[in-house]
Structure formats: structure tokens, C-alpha cells
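>>> below: sequence and its predicted model.
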Amino acid sequence: MTTQQSADLPSQKSDATRALVTLERRDGIALVTLNRPDKFNALNYAMFRQLCAVQRTIAADRSLRVVILQGAGGNFSAGLDIASVTAKPSQVLGLLAKWLPGNANLAQRVSIGWTRLPLPVIAVIEGYCYGGGMQIALGADVRIASANAKLSVMEAKWGLVPDMAGLASLRAIMPKDKALELTMTARVLDGAEALNLGLVTRLADAPFEEACLLANELKNRSPDALAAIKHSTHKSWSASLRALLARESWYQIRLLFGSNFRIAASRERGKTDKAYRPRQRFW
């Protein structure tokens, strides 16, 4: 499912003979690449399964500090490969089936799974970012796009509803009327308009290099603090004030008694350059 090799595999290889989602570790940074460039990284069933496997691998590796998520070949993802996925009814069932209505199915985990990781996730958006690709990018904590990127919540174009959990992030970054307009019209936005609407975090001439700079900046912070900030923000954003206050206090207590708090304080005072310890498990 995952590989430590470069994501730039020859495009002429068939889906059966290459990793469609690759994972490369770079000094604490997990570089995840959608690797189907000859199809503009359109999502087939195998890619859904491999994305979830990569998320599990990252979650289990406490040495990883930041995730950078990108697409190979100059495009993030053109969305669902409808012809491929619907060719077998068992694949449609595999994407949508769930034990309980409130649980995430396979299609939803490839987006919401990034929000549940206890480390920052940065999406690099270039070229096409349509439909299912947009849903995956919405699961990231930060989205850095090129000005000429093309973004769309495109499911309505095919007579479908967005059903990959991207709405969980969309409702937190955009007013409801604007989100409805985008999802109902399936309109394609360039990077500048996406930035203006809050769909992306920032624009960059070289989005991947910008993501690497941000990732290295985040590596200078305590991994426990980053995990607490991310988890608390996602859990508390729409929660009651009482729940927010309780969660903040609980996480702060856990941080104060952790070794990474002491390391962070010493680093900021210039008394040590000691590396942080692996992230605590309780997130």
C-alpha cells in the first residue's frame, strides 16, 4: 500500500503494477502523493483503500511531525473516476457501506481521516482539484494553492451530492450561502477566487516549496502542543462553551506534565537545542 520510494513513477505503468498512493518519509515529514498522473490522479477504488492505509501508517508513527499531501504530475486530483468505480457494483458498495449511519465509510475516511491525525496536514493544490479531490483537500489543515489551480465542488455536475465528508470542513471556513452556491453550481474557481472565499489558505508561485517551508517551521514546535491545538480546535469549533473550556484545561494540564513542554521552554530561552520526544499517545 505504501512505499518509501519517489512518487514520480513512470506514467505508463498500469494501476496494477504501481503504488497509487505513495508515502515517503523526509526527516519527520510524511510526503503523501496521489500517484495516478496519467489519469490526472482521478480516484479509483484502489486509491481509496490505499489512502486509508497511508493514514493508518502515519497515525501509528509517532516520529512523524507533519504531513504534506500532493498530487503527481502537476494536478492534485480530477475527482472520482466514475467509470472505473461504477464498473463493479461491489466497489460502489465498498465505498458507501458503513455499520452505523454516523460512522465514516471508506469514501468519507479519505477526507475526514486527515482531520483525525494528531499532526498538521498541508495540502499542495496545483492543476485540477475537482470533486473527490476537493473533498480530500478539505480534510487538510492548510491548503496552499497555485494561482492557476482549478478548484470545484463538482458532484452536482454528475447529479450527485458531495458525500466524502468535505462539508465538515467547508462549513467551518465558508458562509452557508456561499457553500450552497458552490456545491449547487459546481462552478470552477481559480486560485485567487478560492482564496477570497476561504477555500484555500494561501497562494504561492511554488506551492510545494511553500509547504516545505511551513512544515519545517512547524517542526520547531512541540508535537504534543500541535496535536492538542489541532484536536481541540476540531472538537471545540462547534461545541458548547463549557465543552471548549473543559477541553482547553484538560489538554493544558497534560501538556504541562509532559517532557516536550520542558524542551519547548528551554529551546525558546536558548538553553538547549535538544530534539523533541515522540508525540504522546493520548491524542
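On my side now, so go ahead.
>>> neighbours around Tyr128, how many?
Tyr128 has 24 neighbouring residues, counting by other C-beta atoms under 10 Å. C-betas here are computed from N, CA, C, even on glycine.
>>> quick one: it and Gly74 touch, right?
No - applying C-beta atoms under 8 Å, one finds Tyr128 not in contact with Gly74, separated by 9.1 Å.
>>> isn't Pro162 right up against Val153?
Yes - in this structure, Pro162 is within contact of Val153 by C-beta under 8 Å, at 5.8 Å.
>>> list the residues that contact both of these two?
Counting by C-beta atoms under 8 Å, 6 or more residues apart in numbering, the shared contacts of Pro162 and Val153 are 131, 135, 183.
>>> turn the residues you listed into a markdown table, columns for neighbour count, pLDDT and distance to Thr57.
Rendered in a markdown table, the data for the shared contacts of Pro162 and Val153 read as follows (neighbours: other C-beta atoms under 10 Å; pLDDT from 0 to 100; distance: C-beta to C-beta, whole Å):
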| residue | neighbour count | pLDDT | distance to Thr57 |
| --- | --- | --- | --- |
| Gly131 | 27 | 95 | 25 |
| Gln135 | 31 | 96 | 21 |
| Thr183 | 19 | 95 | 32 |
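>>> among those, which are located in helices?
Using DSSP state H, 135, 183 are the members of the shared contacts of Pro162 and Val153 that sit in helices.
>>> which of the shared contacts of Pro162 and Val153 sits closest to Arg171?
Thr183 (11.0 Å; C-beta to C-beta).
>>> for Gln70, see how far away that closest one is.
24 Å (C-beta to C-beta, to the nearest Å).
>>> separation between the most centrally placed residue in the chain and Asp224?
Among the residues of the chain, the one closest to the centroid is Ala140, at 3.1 Å (C-alpha atoms, centre = their mean). According to C-beta to C-beta, Ala140 stands 21 Å off from Asp224.
>>> go on, Ala46?
In terms of C-beta to C-beta, Ala46 sits 35 Å off from Asp224.
>>> just Gly166 next, same as before
Between Gly166 and Asp224 the computed distance is 28 Å (C-beta to C-beta).
>>> how about Val85?
39 Å.
>>> the two - which one has more neighbours?
Taking neighbours as other C-beta under 10 Å, Val85 and Asp224 compare with Asp224 leading, 25 against 20.
>>> surely that one touches Phe261?
Yes - taking contacts as C-beta under 8 Å, Asp224 lies within contact range of Phe261: 7.2 Å.
>>> where do the contact lists of those two overlap?
Leu255.
>>> for the stretch 151-283 of the chain, which spans come out with low pLDDT?
Within the stretch 151-283 of the chain, the stretches with pLDDT under 70 are 282-283.
>>> could you pull out the strands for the stretch 101-250 of the chain?
Secondary structure of the stretch 101-250 of the chain by DSSP state E, counting those that start in this stretch: the strands cover 121-125, 128-130, 142-145, 150-152, 189-190, 202-203.
>>> distance to Arg267 added to those, as TSV?
TSV is the format used below for the strands of the stretch 101-250 of the chain (distance: least, C-beta to C-beta, whole Å):
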stretch	distance to Arg267
strand 121-125	22
strand 128-130	37
strand 142-145	23
strand 150-152	38
strand 189-190	40
strand 202-203	26
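>>> closest to Ser90 out of the ones you listed?
Short answer: strand 128-130, nearest of those by C-beta to C-beta, at 25.1 Å.
>>> pop the domain breakdown of this protein in here.
What automatic domain parsing lists as the domains of the chain is 15-218, 223-268.
>>> okay, the ones you listed, which one's buried deepest?
Most buried of the domains of the chain by mean neighbour count (mean count of other C-beta atoms under 10 Å) is domain 15-218; its value is a mean of 19.
>>> how far off centre is that one?
On the basis of C-alpha atoms, centre = their mean, to the nearest Å, domain 15-218 sits 6 Å off its chain's mean C-alpha point.
>>> how long is it end to end?
This stretch, domain 15-218, spans 34 Å end to end (C-alpha to C-alpha, to the nearest Å).
>>> likewise for stretch 251-271?
Criterion C-alpha to C-alpha; first-to-last residue distance in stretch 251-271 is 25 Å.
>>> quick one: contacts of that stretch?
220-225, 228, 231-232, 272-277, 280, 282.
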